[in-house]
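Q: attaching a predicted model along with its sequence, questions to come.
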Amino acid sequence: MTLATQSRNFPEQVRVARADGNLQQALGRLKFGLTLMRGAAVDRLPEFERLRDEAAAIRDHTLTHLDHYLLRFEQAVTERGGHVHFAVDAESANAIILEICREAGARKVTKGKSMVTEEIELNEHLAAHGIECLETDLGEYIVQLRRERPSHIVAPAIHVLKSQVADAFAEHHGEAPPGGRDEAASLMAEARAVIRRHFLEADVGITGANFAIAETGTTVIVTNEGNGDLTQSLPKVHIAVTGIEKVVPTLEDASTLIRLLSRSATGQEAAVYNTFSTGPRRAEDPDGPEAFHVVLVDNGRSSMLGSEFQEMLRCIRCGACLNHCPVYGQVGGQAYGSVYPGPMGAVLTPSLAGIDAAGHLPNASTFCGACEAVCPVRIPLPKMMRHWREREFESGLAPRTQRLGLGIWRFAARRPRLYRTLAAAGARLLRIAGGRRGYLRRLPLGRGWTAWRDLPAPAGETFHAAWRRRRHER
Amino acid sequence: MGMPPGASGRDQVLASVRRALGRKGEAPEPEAVTARLARPQQNTIPMRAQLQQPELTELFLSMAADAQATVVRLPSRERVPAAVADFCREHGLSAQAVIAPASPLADLDWSTGGVAVETRAVRSGDPVALATAAAGIAETGTLALLSGPENPVTGNFLPDNHLVVLEERDLLGTPEDLWAMLRERGLPLPRTVNWITGPSRSGDIEMTMLMGAHGPIRLHILFVDAGSGA
Ligand code: SF4
């Protein structure tokens, strides 16, 4: 089993998303929230561009020596009394985690935010074996109550309106608390009280890890709510689940990446909680977990190493490429049908789930380049989406009409005289159809465009023709 | 996969990684890896945090305030009990606080401020709990707390109001300074190193940033600073 997706239905899901007024309202907030705040934070740190170069280099270095750094990380965790488990795929990761939970006699598990556990569908797996698995990040909790998938890798409930949160709480918590359910503050207080009880009852706490430090055998979580910390420090057992690519060499390297992560994600100078966990509690410690496990998940990542998609493994999951993507901003995360949406998902999802399952996603781009421009580890996202488009075309997965259209274009393009004649005729025809308004409301074969916006009519003359005329006029 | 049947997940993952990297099999650790781990190097350090006193303190105080922490400057540790009393009064809380039994703060003279102090583990719902920071990081207005008997880790997250004492002499510029300090003391790191920057918050409901998501609703820093003249 690899990454499960509903990405095949992308075109239909886009139509649903575009028609969903609630979603459009919710997405409107992205632009004026996260993107502006990121910009301001970057302006306050003159070294930002240099840090991006260094961050990309740290990741490249680690990936080049990934086998060695994985071994060093494993050794350091073991020396501190923790355990490292390697999982080939989602199935084996789930089996490993279930086994640890069973050994601990766990009935209830709390979870900090972790994209990898979303990727492997851990909650469903534990539930199927009688273990209750509760999301504790407020956004993840809301999404879990609504039986949905997160729609953003940093802000999982970005698509949900306050009134919908109130509905979900009414359904699951029963009667409203004295503060009512009209204000965001009272909703948050209600969730705080409910989830606090779960923290205190949990037998095992599962978190992700933004970084795994080889030097010291330390896992790092970066959060604002403190839920990850309550998750990992109250129960007897702490399991950190993360991808094999999250290893970094040293504490200093992690610190550089952290500088970029919070600024890129939310525009904060620092997240509220950066937590470094090394081994289980010590003999003299009055609290903390008695056992510490790290599950390192491959699930398709190693197949990206050494390929044209290796640079994607630099990703630190900051979400900036989603926040700045015009396509994501129009359709939201759920349309992508993958826990990894937006530009990073358009590259990562086909890598992990297969191009036949996710071929639409690399096509969901205007190639404006905003994603690459903001990516803190300088991942050439548009270039990699292009690689996927090529592979999709080569393997004959592109739709027939598209292949036919490209075939015709190629035929003409190889015959300059024919091409010029056709282009000139087309330009003239569209100019006439555009009439005095100068734009087209409808276009045969072009409904995908004109359903949403008018097409400006061409000038009536091709570039070739205009160029030649100018040269003569000179 | 070309692996012998029954190969462990560990062997399979490492073999796939090696194959993808074009290695023939297990290779000796390259010098680049050994050296990087043996002698950790700093990357670029923001100029902003390369300061001397009193600018370092000023930066810390302004960054902490930007992160919605509140700060009070005290001329000596002896003034901590009175400052805790002030905090409780200001927020309409009954004058009581919890301190870890092994905390150095337990030795202060608590009879003066009128605060009833309990020395025990912090419990969920405790209104006020005290802790000591091992360091302050001026670059971002961050507190660094180390888990252990003096500062049990759950005490940082369970109380509604987290009051943390930071001594001016423990103020550092950057996280890298913290790692250098801890290396000097001798690794291993404590079970948990917490960097805390302001109180707990969430923007998960319609992107409205609100304080007190799961951890403390308020973070109050008691900054002991001989030069404050207060
Ligand atoms: S691809 Fe870059 S911008 Fe997008 S989430 Fe990953 S690190 Fe952030």
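A: Happy to help now that I have it.
Q: not counting sequence-adjacent ones, nearest residue to the residue in the stretch 151-300 of chain A positioned nearest to chain B?
A: Closest approach between the stretch 151-300 of chain A and chain B, counting by CB to the nearest CB: residue A:226, at 2.6 Å. (Glycine included, C-beta is placed from N, CA and C.) Closest residue to residue A:226 apart from its sequence neighbours, by CB to CB, 6 or more residues apart in numbering or on different chains: residue B:215 at 2.6 Å.
Q: please, which helix or strand holds that neighbour?
A: Counting by DSSP states H and E, no helix or strand carries residue B:215.
Q: from what I can see it touches residue A:225, true?
A: Yes. Residue B:215 lies in contact with residue A:225 (CB atoms under 8 Å); the separation is 6.9 Å.
Q: which residues do those two both contact?
A: A:272, A:273, B:200 (CB atoms under 8 Å, 6 or more residues apart in numbering or on different chains).
Q: look up the closest residue to the residue of chain B found nearest the ligand, ignoring the ones flanking it.
A: Across chain B, the shortest distance to the ligand (CB to the nearest ligand atom) belongs to residue B:43, at 17.1 Å. Spatial nearest neighbour of residue B:43, chain neighbours left out: residue A:256 (4.3 Å); criterion: CB to CB, 6+ apart.
Q: neighbours of that neighbour, how many?
A: For residue A:256, the neighbour count with other CB atoms under 10 Å in any protein chain shown is 23.
Q: now do the strands in the stretch 251-400 of chain A.
A: A:273-278, A:291-297 (DSSP state E, counting those that start in this stretch).
Q: just checking: what are the partner strands of the longest one?
A: Using DSSP bridges, the strands paired with strand A:291-297 are strand A:83-87 (parallel), strand A:237-243 (parallel).
Q: TSV for those, including mean neighbour count, mean pLDDT and distance to residue A:348?
A: Formatted as TSV, the strands paired with strand A:291-297 follow (neighbours: other CB atoms under 10 Å in any protein chain shown; pLDDT from 0 to 100; distance: least, CB to CB, whole Å):
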stretch	mean neighbour count	mean pLDDT	distance to residue A:348
strand A:83-87	22	98	18
strand A:237-243	27	98	10
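Q: returning to what we had before: which members of the shared contacts of residue B:215 and residue A:225 are classed as buried?
A: A:272, A:273, B:200 (16 or more other CB atoms under 10 Å in any protein chain shown).
Q: quick check on the last one: phi, psi?
A: Same thing as residue B:200. phi -50, psi 140 (degrees, to the nearest 10).
Q: give me the element residue B:194 is part of.
A: strand B:192-196.
Q: I'd like the next helix or strand past that strand.
A: With DSSP H and E, the next secondary element past strand B:192-196 is strand B:201-202.
Q: pairing partners for that following strand, with directions?
A: strand B:210-211 (antiparallel).
Q: residues contacting the partner strand, please?
A: With CB under 8 Å, 6+ apart as the criterion, strand B:210-211 contacts A:184, A:185, A:188, B:68, B:199, B:200, B:201, B:202, B:203, B:217, B:218.
Q: can you list the low-confidence ranges for the chain?
A: Assuming you mean chain A. For chain A, the stretches with pLDDT under 70 are A:1-2, A:31, A:397-398, A:444-445, A:447-449, A:451-452, A:474.
Q: my bad, chain B
A: The low-confidence ranges in chain B, as defined by pLDDT under 70, are B:1-7, B:227-230.
Q: can you name the residue of it nearest chain A?
A: residue B:215 (2.6 Å).
Q: residues contacting that residue?
A: So residue B:215 contacts A:225, A:226, A:227, A:229, A:230, A:272, A:273, B:156, B:157, B:162, B:199, B:200 (CB under 8 Å, 6+ apart).
Q: could you rerun that using 7 Å?
A: A:225, A:226, A:229, B:157, B:200 (CB atoms under 7 Å, 6 or more residues apart in numbering or on different chains).
Q: now the residue in the stretch 1-150 of chain A that the ligand sits nearest to, nearest residue through space, not along the chain?
A: At 9.0 Å from the ligand, residue A:55 is the closest residue in the stretch 1-150 of chain A, using CB to the nearest ligand atom. Distances taken as CB to CB, 6+ apart place residue A:377 nearest to residue A:55, at 5.0 Å, with adjacent residues excluded.
Q: chain B contacts on the stretch 301-450 of chain A?
A: Contact residues (CB under 7 Å from any CB of the partner chain) of the stretch 301-450 of chain A with chain B: A:302, A:303, A:305, A:306.
Q: please parse the chain into its domains.
A: Reading this off chain A. Listed by automatic domain parsing, the domain ranges of chain A are A:17-302, A:402-473.
Q: actually it's chain B I care about, not the one you picked
A: Taking automatic domain parsing as the criterion, chain B consists of the domains B:9-38, B:47-224.
Q: got a list of contacts for the strand holding residue B:194?
A: Against strand B:192-196 from outside (CB under 7 Å, 6+ apart): A:233, A:272-277, A:288, B:137, B:142-147, B:153, B:156, B:219.
Q: let's see that with 8 Å instead.
A: Looking at what lies outside strand B:192-196 - CB under 8 Å, 6+ apart - the contacts are A:229, A:233, A:270, A:272-278, A:288, B:137, B:142-147, B:153, B:156, B:162, B:164, B:175, B:178, B:182, B:219.
Q: state the distance from the residue nearest to residue A:55 to residue A:124.
A: Distance, residue A:377 to residue A:124, using CB to CB, to the nearest Å: 31 Å.
Q: which residue packs closest to the residue nearest the centre of chain A, ignoring adjacent ones?
A: In chain A, the residue lying closest to the centroid (CA atoms, centre = their mean) is residue A:340, at 3.8 Å. The spatially closest residue to residue A:340, leaving aside those adjacent along the chain, is residue A:348, at 4.7 Å (CB to CB, 6+ apart).
Q: contacting residues around the one you found?
A: Residue A:348 touches A:312, A:315, A:340, counting by CB under 8 Å, 6+ apart.
Q: please name the nearest non-neighbouring residue to the first one.
A: In this structure, residue A:312 finds its nearest non-sequential neighbour in residue A:347, 5.0 Å apart by CB to CB, 6+ apart.
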